[in-house]
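**Q** sequence plus the predicted model coming up.
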Amino acid sequence: MKKLLFTLFVTLISIGMMAKASPFNEGQKSQDQLSGKWFGDLVINPNFKLTIAFEITAMANGEYDAVMHSADQKSYNITVDKVSADGDSIMMEVKMLATVFSGQLVKDSVSGQKTKLNGTFGKPGGQALPLNLTKCEEFPFHVAKRPQEPKKPYPYHSENVSFKNTNKGISLKGTFTKPFGSVNAPAVVLISGSGPSDRNQTIFGHKVFLVIADYLTRNGFAVLRYDDRGAGESEGSFRNATVRDHAEDASFAINYLRSRTDVDSSRIGLIGHSLGAEIAPIVATINSSTSFIVLMAGSAISLKEVIFEQCDAVYTSLGASKGAIALNREILESTMNIFKNSVNDSVAKVDIKRNLASFDQRVASIDQTDREKIGLSSPLKLSDYSNLLMPFMRYDLFHNPAETLKKVKCPVFALIGDKDIQVLPYNLNLIEQALILGGNKRVTAKLYKNRNHLLQDCTTGEVSEYGDIEETISEEVIFDIIDWLKIQTR
């Protein structure tokens, strides 16, 4: 949905997974032709296109590695899960995006060399769009570096693991890291923000949880990060899962860590980011083994109110008029309320479609530039609001995090950046007040100057900066978290 920016609603190209390449035995010549840098335009509609690029590397054993870039979305180094090649044909799969590129080498009409890779990009066995790639020496765009991202071999133990939510009968897959030789290590479960996230919580090419896990493990902590249900390698349906369902998954993650002999079962806590900072307090209320929680850029108000605030802040930063922003808010609120009160999804869609039509004349009357900045189509389309109409939204939109925070009794460290425009900084005080009101006296709260929603050092805090900033998370922030964790796990 173009209007809904809550934690980006992590659209299309913002998440990726670790890659595995399949064997290729066609010889060095074909490998040389397929290897290299490729880019082209993916035309979504006549008015919208994305520059998509791949870097394909032929390995000595005949296999391939590949990474993907979405230049316009500033999302770089998205590792392709699977690469298969047969002669001049290649297939590259990105599971987290549920997409496959299938292409064929063809000759350039001018040079006669096979410098074109024509194909399609879309769902495996489903709808796909044409994507024709051209080979180049250097991309016509800058690929941002990610200096904090660790490179193998890691100076600690890392293994892929699986644990089960026995209530739902689904397996969740993730990565467990711990210091070499550690016994009874304190442990942390990482909980991602909104949108179906991989275990690294990859946003604009930043593998946020990979970086956080690396810092924590190098400083003595075992860490479990996992793919959300219905994302990556994890089972289940993300579409149908509420924040409470995700809290249940995180609770089973704690139980998994408690079952390991190399983890101290009395020193297991949570770090949640964005929506994950709303999920973590729920976990603490349903699993008494939660020893501590860290809330990064979390909210103390309902998702409905967060969305309104985000839209106001983001569209103001883009220069949209107050009248257009107010109209957008009115449309969103009426859509949410119809969805909340409808007897079922079918009735909701009919009623919402009728409601949207009632706004068409007012939307058409506002300046086209305003419509483009906010993403309002004219006439309004039901499909633009599909992210609001997912089953889990009936609960998540109206859930009150402050009431949950009042029930949390374990130590809490809450932190927000003062330039966060996705979860506004005043939420830090609301979180602290709710915890104290509930009788929790072990509360630490800190507002970080010149930090955005990802806790990066930033200039404006705008979403458009996330991908340009090379830093994944401020070292001041991550070392404050580590110092606080060490105190809690003495």
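**A** Done, it's in. On a predicted model such as this, the values are computed, not experimentally measured, just so you know.

**Q** so where's this protein uncertain?
**A** 1-31 (pLDDT under 70).

**Q** residue 280 and residue 193, how far apart?
**A** Applying CB to CB, to the nearest Å, one obtains 11 Å for the distance of residue 280 from residue 193. Every C-beta, even on glycine, is put in place using the N, C-alpha and C of the backbone.

**Q** which strands and helices sit next to the top helix by length along the chain?
**A** Secondary structure of the chain read by DSSP state H shows that its longest helix is helix 322-341. Of the remaining helices and strands, those touching helix 322-341 by 3 or more CB pairs under 8 Å, 6 or more residues apart in numbering; DSSP states H and E are helix 303-317, helix 345-357, helix 360-365, helix 368-374, helix 393-396.

**Q** rebuild those helices as CSV, extending it with distance to residue 409 and mean neighbour count.
**A** CSV is the format used below for the helices and strands packed on helix 322-341 (distance: least, CB to CB, whole Å; neighbours: other CB atoms under 10 Å):
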stretch, distance to residue 409, mean neighbour count
helix 303-317, 24, 20
helix 345-357, 38, 15
helix 360-365, 48, 13
helix 368-374, 42, 17
helix 393-396, 24, 18
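
**Q** can I get those helices in CSV with distance to residue 418?
**A** Listed next are the helices and strands packed on helix 322-341 as CSV, based on distance: least, CB to CB, whole Å:
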stretch, distance to residue 418
helix 303-317, 13
helix 345-357, 36
helix 360-365, 34
helix 368-374, 25
helix 393-396, 26
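
**Q** just so I know, which of those lies nearest residue 82?
**A** helix 393-396 (32.2 Å; CB to CB).

**Q** okay, that closest one in CSV with CA atoms only?
**A** Extracted in CSV, the C-alpha atoms of helix 393-396 (Å, rounded to 0.1, in the frame of the first residue of the first chain):
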residue,chain,number,x,y,z
MET,A,393,-5.0,-6.1,11.2
ARG,A,394,-8.3,-6.5,13.0
TYR,A,395,-6.3,-7.0,16.2
ASP,A,396,-3.1,-5.2,15.6
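
**Q** ok, and what's touching that helix?
**A** Helix 393-396 is contacted by residues 242, 243, 244, 303, 339, 340, 387 when judged by CB atoms under 8 Å, 6 or more residues apart in numbering.

**Q** rerun that using 7 Å as the cut-off
**A** Residues from elsewhere that reach helix 393-396 (CB atoms under 7 Å, 6 or more residues apart in numbering): 242, 243, 244, 303, 339, 340.

**Q** sorry, back to before: report the buried residues of the longest helix of the chain.
**A** By 16 or more other CB atoms under 10 Å, the buried positions in helix 322-341 come out as 324, 325, 327, 328, 329, 331, 332, 334, 335, 336, 338, 339.

**Q** surely residue 66 meets residue 83?
**A** Yes: in this structure, residue 66 is within contact of residue 83 by CB atoms under 7 Å, at 5.1 Å.

**Q** list residues touching both of these two?
**A** What both residue 66 and residue 83 touch, as defined by CB under 7 Å, 6+ apart, is the set residue 92.

**Q** ok so, going back, how far off centre is the longest helix of the chain?
**A** 25 Å (CA atoms, centre = their mean, to the nearest Å).

**Q** show me the helices in the stretch 101-250 of the chain, by range?
**A** With DSSP state H, counting those that start in this stretch as the criterion, the stretch 101-250 of the chain has helices at 208-218, 243-258.

**Q** can you get me a residue count around the residue lying closest to residue 258 once chain neighbours are set aside?
**A** Using CB to CB, 6 or more residues apart in numbering and skipping the chain neighbours, the partner closest in space to residue 258 is residue 265 (4.2 Å). Residue 265 is flanked by 16 other residues according to other CB atoms under 10 Å.

**Q** and residue 265, which of the three is it?
**A** strand (DSSP: H, G, I helix; E, B strand; the rest coil).

**Q** isn't it up against residue 255?
**A** No: the criterion here is CB under 7 Å, and residue 265 misses it with residue 255 at 9.6 Å.

**Q** quick one: residues contacting the residue nearest to residue 286 when sequence neighbours are not counted.
**A** Distances taken as CB to CB, 6+ apart place residue 251 nearest to residue 286, at 5.6 Å, with adjacent residues excluded. With contact set as CB under 7 Å, 6+ apart, residue 251 has these partners: 283, 286, 287.

**Q** most surrounded residue in the residues you listed?
**A** Top of the contacts of residue 251 by neighbour count (other CB under 10 Å): residue 283, with 29 neighbours.

**Q** would that residue count as being in a strand?
**A** No: secondary structure assignment (three-state DSSP) places residue 283 in helix, not in a strand.

**Q** ok, it to residue 211 distance?
**A** 22 Å.

**Q** number of nearby residues for the closest residue to residue 411 other than its chain neighbours?
**A** Spatial nearest neighbour of residue 411, chain neighbours left out: residue 442 (4.1 Å); criterion: CB to CB, 6+ apart. Using other CB under 10 Å as the criterion, residue 442 is surrounded by 13 other residues.

**Q** residue 442 touches residue 409, doesn't it?
**A** No: contact criterion CB under 7 Å: residue 442 and residue 409 do not qualify, at 8.3 Å.

**Q** just the element for residue 468, please.
**A** In this assignment (DSSP states H and E), residue 468 forms part of neither any helix nor any strand.
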